[in-house]
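Asks: quick one, what's the 3D model for this:
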Amino acid sequence: MALPIFGGIAAEPVDSVAHIIQIALTPVFMLSGIGTLLNLFNTRLARVSDHIEQANALLLDDNPDMARNQILERHLVRLHRRTLMLDGAILAGGLGGASSCGAAFVLFMGSVRDSSVANWLVLMFGVALACTVGALALFLGDSLISWHGLKREGPLPRPAPKTT
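Replies: Take a look at the predicted model:
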């Protein structure tokens, strides 16, 4: 029996449709994990941004201590590197998420159109995996910059106490 909403395509057995849905869940679960990673990356980027604002405020407070200002400038360079790493991780994660959606879409289109979509599916899911690995590698880079910077330079200097 043909389904009128699909333009005369014969109805699939229930087992076949259930199998397609099971397979399509893999990219959906991957998308959920990527969404969690993107949330983590954005939270971390917000904290780095707060540190940049704090360091800039400390540099602008007219403190004549040159050693302190040099430390702050080194912190700002390190924080800038971290923002680049996190921006790259967010970009790669977003591309991985889009590719995961594309893989799920290709699975459904292949089942509806009864066409050979294996190459597209491998490409989309492969891009999703590669982007996710890239996002995690960039996040690792941010973590290494952060850890080594704290080890070398210590935390941001505290603001000078206000004299009244």
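
Asks: which helix of this structure spans the most residues?
Replies: The residue-count maximum for a helix in the chain (DSSP state H) belongs to helix 66-113.

Asks: who does that one touch, helix- and strand-wise?
Replies: Under the contact definition 3 or more C-beta pairs under 8 Å, 6 or more residues apart in numbering; DSSP states H and E, helix 66-113 sits against helix 14-59, helix 118-153. Placement of C-beta: from N, CA and C, glycine included.

Asks: in the shortest one, which residues are buried?
Replies: Counting neighbours by 16 or more other C-beta atoms under 10 Å, one finds that the buried residues in helix 118-153 are 120-121, 124-125, 127-128, 131-132, 134-136, 138-139, 141-142, 145-146, 149.

Asks: which other residues reach stretch 65-81?
Replies: 48, 51-52, 55-56, 58-59, 63, 145-146, 149, 153, 156-157 (C-beta atoms under 8 Å, 6 or more residues apart in numbering).

Asks: report the buried residues of it.
Replies: Within stretch 65-81, the residues that qualify as buried are 71, 72, 75, 76, 78, 79, 81, counting by 16+ other C-beta under 10 Å.
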